[in-house]
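[1] coords please:
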Amino acid sequence: MSGAPRSLAIVGCCQLVTLRGPSRPRLRSEMRDLGIVEDAALLVRDGRIVAAGKYADVKSQIEPDAEIVEAAGALVLPGFVDAHTHLVFAGNRAGEFEARIEGASYQQIAAAGGGIRATVARTRHASEEELLAAARRHARWILANGTTTVEAKSGYGLDTESELKLLRVMRQLCREGPLEIVPTFLGAHEVPGEYTREQYVDLVVDEMLPQVAAARLAEYCDVFCEPHIFPVADARRILLAAKALGFGLRVHADQFTASGGAKLAAALSTATADHLEYTDFHSIDALAASGVQPVLLPGSVYSLSQTRYPDARTMIDRGLAVVLATDFNPGSSPTASIPMILSLACTQMRMTPAEAITAATINPAYSLGRGAQIGSLETGKRADFAMYDCADYREIPYHFGVNLVKGVWIRGRRYM
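    Next up is the predicted model:
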């Protein structure tokens, strides 16, 4: 790690993947246009991009005192924006991983006291200092895979003080840097055993949401909308209460059943609808009409040994601004690697490598309300980018399970 130079020039880029384009999420064929510049240079001043283009065109702008980094034919692209993670938790569920291999389903494990509730028990007993130490470790993994911004959800506390504790840890971790963390309140992640669903929804609406809002600990509110967890009516009540308090809205929708979660997201014009493994064509059209961005999480399908992946091709063809994310969590998707997610998107959901990269950079940046600042390498934007040990962007999903990252910069400062 080095300090941030006032002026920085990355030269000798075989491919500079700029993602330049319209000031909005990319749709349909736009998702295949990465704005690639060959034999390129990237110029940064005071943490912002001042030029991105052919070296021959921008070399005259390089200041005499600029720090020069020779890419030596490497690839440079924007830092990944991971728009769905569960970053802060205690412990792990490696035992459940083995149980699933031996035939137990996700639902069977949950019914036996495992799943989300198992992580909740560990997280409730952990101190803020212990959770912060664990989150720092997770953040290092994420950064090492080329991600520079994450959305992070609470949801492993499921009581007021524990949920606030998780969100405070996120705030502290964001202050420490280098990752930018966008906090989301997910108190409605599961119903804890000490409450009925009706009692718990009352708690979320009447106590948790107002306290999170008063402390300004979250930008968004999310709900796990499934018939056996929070049915549509309960999810709607929670989301409307959150909206009234000024939160942006996100929804876990149609992960295990086509139960109306995506249609609820469309009706409320939420920022995103996440998962969508069981979403039907009518729901996809409703999302498109409302401008809701789908956040697809192939890592959870893979990790749960399932085969029904979201229908990314139909979503792209119908004009949805598709997003890819890790769903990093201790149970159903314990990966911090966006490159691995890109590979799954290409091989299992038939997305092209260019579409997948768009779905992990500029599109998620807009889904988090940050498209004007991050997600592409354009003049005036924050200098968040990564360098890869390859000469072609398609090699990132092609070499699955291989970390090709050579360096990561956030606001023009190198962190690895």
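[2] Check whether Leu164 really touches Ala215, as I assumed.
    Yes: between Leu164 and Ala215 a contact is recorded at 6.9 Å, counting by CB atoms under 8 Å. (Glycine included, C-beta is placed from N, CA and C.)
[3] Looking at those two, which one has more neighbours?
    Leu164 (20 against 12; other CB atoms under 10 Å).
[4] name the helices or strands packed onto the helix or strand that contains the more buried one?
    Applying DSSP states H and E as the criterion places Leu164 in helix 160-176. Applying 3 or more CB pairs under 8 Å, 6 or more residues apart in numbering; DSSP states H and E, one finds that helix 160-176 contacts helix 116-125, helix 128-144, strand 180-188, helix 209-215.
[5] which outside residues touch the longest one?
    Spelled out, that is helix 128-144. 82, 85, 87-90, 123, 126, 150, 165-166, 168-170, 172-173, 176, 178-179, 328, 336, 403, 405, 408, 415-416 (CB atoms under 8 Å, 6 or more residues apart in numbering).
[6] hmm, which helix or strand of this structure has the shakiest average pLDDT?
    Least confident helix or strand of the chain, by mean pLDDT, DSSP states H and E, is helix 106-111 with a mean of 81.
[7] who's in contact with it?
    Outside helix 106-111, the residues that reach it (CB under 8 Å, 6+ apart) are 96, 99-100, 115-117, 304, 332.
[8] change it to 10 Å
    93, 95-97, 99-100, 104-105, 114-118, 190, 228-229, 255-256, 300, 303-306, 331-332 (CB atoms under 10 Å, 6 or more residues apart in numbering).
[9] How far off centre is that helix?
    With CA atoms, centre = their mean, to the nearest Å as the basis, helix 106-111 stands 25 Å off its chain's centre.
[10] ditto for stretch 75-92
    Relative to the centre of its chain, stretch 75-92 is centred 6 Å away, using CA atoms, centre = their mean.
[11] again, but for stretch 10-19
    The answer for stretch 10-19 is 24 Å, by CA atoms, centre = their mean.
[12] Stretch 331-339 too?
    In terms of CA atoms, centre = their mean, the centre of stretch 331-339 is found 11 Å from the chain centre.
[13] Send me it as PDB with only the CA atoms.
    The C-alpha trace of stretch 331-339 is given here as PDB (Å, rounded to 0.1, in the frame of the first residue of the first chain):
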ATOM      1  CA  GLY A 331     -24.200 -19.900   4.300                       C
ATOM      2  CA  SER A 332     -25.500 -19.900   0.700                       C
ATOM      3  CA  SER A 333     -22.700 -18.000  -1.100                       C
ATOM      4  CA  PRO A 334     -19.400 -17.800   0.800                       C
ATOM      5  CA  THR A 335     -17.500 -16.100  -2.000                       C
ATOM      6  CA  ALA A 336     -15.900 -12.700  -2.200                       C
ATOM      7  CA  SER A 337     -14.900 -13.100  -5.900                       C
ATOM      8  CA  ILE A 338     -16.700 -11.100  -8.500                       C
ATOM      9  CA  PRO A 339     -14.500 -12.800 -11.200                       C
END
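[14] Pull out the buried residues from stretch 220-234.
    220-226, 229-232, 234 (16 or more other CB atoms under 10 Å).
[15] ok, then the element right after the helix or strand where Val408 lies?
    Here Val408 sits within strand 405-410, counting by DSSP H and E. Going down the chain from strand 405-410, the next helix or strand is strand 413-414, by DSSP H and E.
[16] Give me the sheet partners of that next one and which way each runs.
    Looking at strand 413-414 with DSSP bridges, its partner strands are strand 405-410 (antiparallel).
[17] Can you list the low-confidence ranges for the protein?
    1-3 (pLDDT under 70).
[18] what does the domain assignment say about it?
    Domain ranges of the chain: 7-79+375-414, 80-367, per automatic domain parsing.
[19] Just name the most buried of those.
    Of all the domains of the chain, domain 80-367 has the most neighbours on average by mean count of other CB atoms under 10 Å, namely a mean of 21.
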